[in-house]
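> I would like to see how this sequence folds:
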Amino acid sequence: MPDGPDAASGYVDGVKWLVGLSGGAVAGVFAQYEQVTQQPLWVRAIIGIGVFLFLISIWAGVNYLLWINAVRRARERIEEITTELAALNTGTPDTARVAQLKQNRDESNAKLTKAARQLPRWHKIYTISFDIGVLLAIVVLFVAIARPTPKQPEPESAQRFVVTQSAIHKTPSGRQAHTFLLDQKTGSLWQMVCDQKGEVVAFRRVRKLDTNGNPEPVPSN
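Next up, the predicted model:
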């Protein structure tokens, strides 16, 4: 239990600091919610437990602050009553007022005792939950850094096959360009051919040659 105003202020600052860290951890998880949902089940379970522990730390820390304020208020009230009783004893005492003040002092002492008993419980809850939450966060961070990143498959082109043309060149039929069908995934090439009447159109695979003039193997799909 805080022993005085200065000690109570130190406790309050420390609790606010830990509660703020817990809130930041929870907010960070929700800010990266989509990435969290893509993690393996056991990773999501650890993160979920960590978030739960940080929320417990926030809840217990707030209650701890409330009971610290209750202790401080009860002590202030007792000091006010003690000062007033000392002033009444210097002259002709007001018996009714003295009795009322003593009753109020007893009530304040009872509140102080109750609040003082609550402090260790809430202090233990918020510190233990925060410590375990931090340890789980360290585990998740270590796993995220240490585990190998799976290689992402290269996205396929939205349009695998495209029709393209060669440059205009001289042929027995005059200057013209040939039309080809290109497989953008494998690099395979088909030339468009048609009969003399132009009624039948087909694509014929073009066999490519390597640097030695040998036909390259036909790539598999």
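> can I assume residue 204 sits in a helix?
No. Looking at residue 204 with DSSP: H, G, I helix; E, B strand; the rest coil, it is strand, so not inside a helix.
> do I have it right that it meets residue 194?
No. Judged on C-beta atoms under 8 Å, residue 204 makes no contact with residue 194 at a distance of 10.7 Å. C-betas here are computed from N, CA, C, even on glycine.
> just give me the neighbour total for residue 94.
By other C-beta atoms under 10 Å, the residues close to residue 94 number 11.
> contacting residues for it?
Residues near residue 94 by C-beta atoms under 8 Å, 6 or more residues apart in numbering: residue 88.
> change it to 10 Å
Contact analysis of residue 94 by C-beta atoms under 10 Å, 6 or more residues apart in numbering lists 88, 100, 101.
> pLDDT, distance to residue 21 and neighbour count added to those, as CSV?
Putting these into CSV (pLDDT from 0 to 100; distance: C-beta to C-beta, whole Å; neighbours: other C-beta atoms under 10 Å) gives the following:
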residue, pLDDT, distance to residue 21, neighbour count
88, 77, 49, 15
100, 88, 46, 12
101, 85, 44, 17
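> redo these as JSON lines? Include distance to residue 13.
Formatted as JSON lines, the entries for the contacts of residue 94 read as follows, by distance: C-beta to C-beta, whole Å:
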{"residue": "88", "distance to residue 13": "38"}
{"residue": "100", "distance to residue 13": "37"}
{"residue": "101", "distance to residue 13": "34"}
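> which one of the residues you listed is nearest residue 38?
Here the nearest of those to residue 38, counting by C-beta to C-beta, is residue 101; it sits at 65.7 Å.
> off-centre distance for the strand or helix carrying the closest one?
Per DSSP states H and E: residue 101 is located in helix 95-146. If you compare the mean C-alpha spot of helix 95-146 with that of the full chain, they lie 28 Å apart, counting by C-alpha atoms, centre = their mean, to the nearest Å.
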